[in-house]
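Visitor: heads up, no residue letters with this:
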Ligand code: G6Q
């Protein structure tokens, strides 16, 4: 990026402002009527993913101008710097190398002159050996019983990825294992996760990059108390070593907790929390689906990494999806982006993407510390589409806002469905296709009238349409396809952050609340005075103490 011009001052930005003005109220109906092969032209594929972006408010010129903006803002240079291991996380002075987590054994990716790929594979091999010991029953707990329950304790990036992927890949999991995820410092989370488990059969995986995160250490400490009480063991025994393993970068803290560092699975400061689930943070998932499936998932990630790194801008799918988001966010003032999977197994997919996107691109200063003068990351939201259709789709169809949406579906359900359940799949997918159609083309007043609807009802039953959607289809939700989908979104988020010239890899915005919670806690536990409290919070603390039973 030129030193002198900021994003909104670039001629390429101004060209898009002008293009948006010319675009005016153009309707998707007009775009399709005027352009017979836009469905073929505005579609792409990467790996097993087929991506239709024809139902967007774009022409060839729009995409050309957006690509010019990408070039002018240095997207491709930043991409290459990331793949080279440069410290592109400027505020934390770190390399950003989640792509190294899925690099092949013979790849060379250096940080400060050291190739990190052998370390990645050493940890993957160690995870695989451990996962096999759990899956085969070779690893036994303190009393000699086989491990049947795995509880991952972690939060944010140390929870959302494996929790999402475990749900997504349930059909590929060992169904004889119970796998649960505890993240919330609300004791109810741990209570519900362990209340019906036998401690003698339970393994806790404490997932924390820093091993200082208060929620995780609090839950892990309570889990240790529960375990020792249940086993009738004391902390001097080998119970903790047999029932706790750690995923961390902090060996000292892991050891302080009583976990044998031989059972610590390492990762590195160049793996951001929200980009970490294909690192050691994925151990619970690897135990559930097995090392081979886990590696298939990494292969899926890698296919999209390679595509992002090498495909020309005209066919580079993550680039195009990133550009479309910029088009709506910066030139249509769209505030949010809906992700609507048509798969029950993707029930946690959007929650995962919320962190990926909103923690990465929810920034309001640029990489040089100047306030941005343009919109950055959108609010990302959504749930599986079929349920949403009977709830908030009303607003998507007839509300006043422009909300671009992604519709994600699969041509086949998972193998294990009985024939009649398999047959339901076409109905599920019919809904996806129908929604894309209804959102784009709506139903005109004349079409409503033609159905004999009374005139006073016509406005209420008219759908203006013109709501843009991307449709992503894949043959089946396999481990590889999940990896492809996640990498697609990771790189889309990357592209947007690069265009907006923000650091997509720090997360200073989550710090203040943590500091204040620590300051307020003594007021709750010891009735201590908190100096400098505002009157509202002070009154709330008084009310809370008045209501507290214990
Ligand atoms: C993600 C964030 C954040 C982090 C959690 C847990 O990018 O950094 O969500 O993952 O705060 O941190 P620890 O793994 O250090 O416990």
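Guide: Everything's here; your move. What you see is a predicted model; the values in this text were computed from it and never measured. Numbers count the residues shown, from 1 in each chain.
Visitor: And for the helix or strand of the chain with the lowest mean pLDDT, what's in contact with it?
Guide: The weakest-scoring helix or strand in the chain, judged by mean pLDDT, DSSP states H and E, is helix 511-525 (a mean of 89). With contact meaning C-beta atoms under 8 Å, 6 or more residues apart in numbering, helix 511-525 is reached by 214, 528-530, 533, 537, 541, 544-545, 548. C-beta coordinates here come from the backbone N, C-alpha and C atoms, glycine included.
Visitor: Tell me the buried residues in that helix?
Guide: If you call a residue buried by 16 or more other C-beta atoms under 10 Å, then helix 511-525 has these buried ones: 520, 523.
Visitor: And stretch 18-37, by the same measure?
Guide: For stretch 18-37, the neighbour count (16+ other C-beta under 10 Å) marks 19-20, 23, 27-28, 31 as buried.
Visitor: Any chance of those residues in TSV with pLDDT and secondary structure as columns?
Guide: Written out in TSV, the entries for the buried residues of stretch 18-37 read as follows (pLDDT from 0 to 100; DSSP: H, G, I helix; E, B strand; the rest coil):
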residue	pLDDT	secondary structure
19	98	helix
20	98	helix
23	94	helix
27	97	coil
28	98	helix
31	98	helix
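Visitor: element containing residue 397?
Guide: Residue 397 is located in helix 393-398, with elements delineated by DSSP states H and E.
Visitor: distance between the helix or strand following that helix and the chain's centre?
Guide: For helix 393-398, the following helix or strand on the C-terminal side (DSSP H and E) is strand 405-410. Between the centre of strand 405-410 and the centre of its chain there are 15 Å (C-alpha atoms, centre = their mean, to the nearest Å).
Visitor: which stretches of the stretch 251-400 of the chain form helices?
Guide: The residue ranges that make up the helices of the stretch 251-400 of the chain, judged by DSSP state H, counting those that start in this stretch, are 251-257, 283-289, 291-310, 317-331, 349-354, 360-361, 385-389, 393-398.
Visitor: for the stretch 101-250 of the chain, that is, sorry about that
Guide: Using DSSP H, counting those that start in this stretch, the helices found in the stretch 101-250 of the chain span residues 117-136, 160-168, 187-194, 214-231, 239-243.
Visitor: what angle separates the longest one from helix 291-310?
Guide: Read that as helix 117-136. Using axes from the mean of the first three to the mean of the last three C-alpha atoms, to 10 degrees, the inter-axis angle of helix 117-136 relative to helix 291-310 is 150 degrees.
Visitor: which other residues reach helix 117-136?
Guide: Residues lying outside helix 117-136 but in contact with it, judged by C-beta under 8 Å, 6+ apart, are 100-101, 103-109, 138-139, 147, 150, 174, 177, 203, 245, 263, 265-268, 279-280, 282-283, 286-287, 290-291, 294-295, 298.
Visitor: Just the buried positions in that helix, please.
Guide: So, applying 16+ other C-beta under 10 Å, buried residues of helix 117-136: 117, 120, 123-124, 126-128, 130-131, 134-135.
Visitor: Is it possible to get these out as TSV so that each row also shows distance to the ligand?
Guide: Converted to TSV, the buried residues of helix 117-136 look like this (distance: C-beta to the nearest ligand atom, whole Å):
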residue	distance to the ligand
117	22
120	18
123	16
124	19
126	19
127	17
128	22
130	19
131	20
134	22
135	25
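Visitor: Run a quick neighbour tally on residue 195.
Guide: 8 (other C-beta atoms under 10 Å).
Visitor: how close does it get to the ligand?
Guide: Remark: distance between residue 195 and the ligand (C-beta to the nearest ligand atom, to the nearest Å) = 24 Å.
Visitor: what do you get for residue 544?
Guide: From residue 544 over to the ligand (counting by C-beta to the nearest ligand atom), the distance is 25 Å.
Visitor: circling back: what's the closest of the helices of the stretch 251-400 of the chain to residue 186?
Guide: Of all the helices of the stretch 251-400 of the chain, the one in closest proximity to residue 186, counting by C-beta to C-beta, is helix 349-354 (16.6 Å).
Visitor: Can you name every helix or strand that that closest one contacts?
Guide: On a contact count with 3 or more C-beta pairs under 8 Å, 6 or more residues apart in numbering; DSSP states H and E, helix 349-354 meets helix 160-168, strand 336-341, strand 379-381, helix 479-500.
Visitor: Kindly recompute the last result at 10 Å.
Guide: Helix 349-354 is packed against helix 160-168, strand 336-341, strand 379-381, strand 405-410, helix 479-500, with contacts defined by 3 or more C-beta pairs under 10 Å, 6 or more residues apart in numbering; DSSP states H and E.
Visitor: Dump these to TSV, plus mean pLDDT, mean neighbour count and distance to residue 10.
Guide: Compiled in TSV, the helices and strands packed on helix 349-354 are given as follows (pLDDT from 0 to 100; neighbours: other C-beta atoms under 10 Å; distance: least, C-beta to C-beta, whole Å):
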stretch	mean pLDDT	mean neighbour count	distance to residue 10
helix 160-168	98	25	35
strand 336-341	98	24	23
strand 379-381	98	19	26
strand 405-410	98	24	28
helix 479-500	98	25	10
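Visitor: Of all these, which one is nearest the ligand?
Guide: helix 160-168 (7.6 Å; C-beta to the nearest ligand atom).
Visitor: Residue of the stretch 451-550 of the chain nearest the ligand, please.
Guide: The nearest approach of the stretch 451-550 of the chain to the ligand comes at residue 507, 5.0 Å away (C-beta to the nearest ligand atom).
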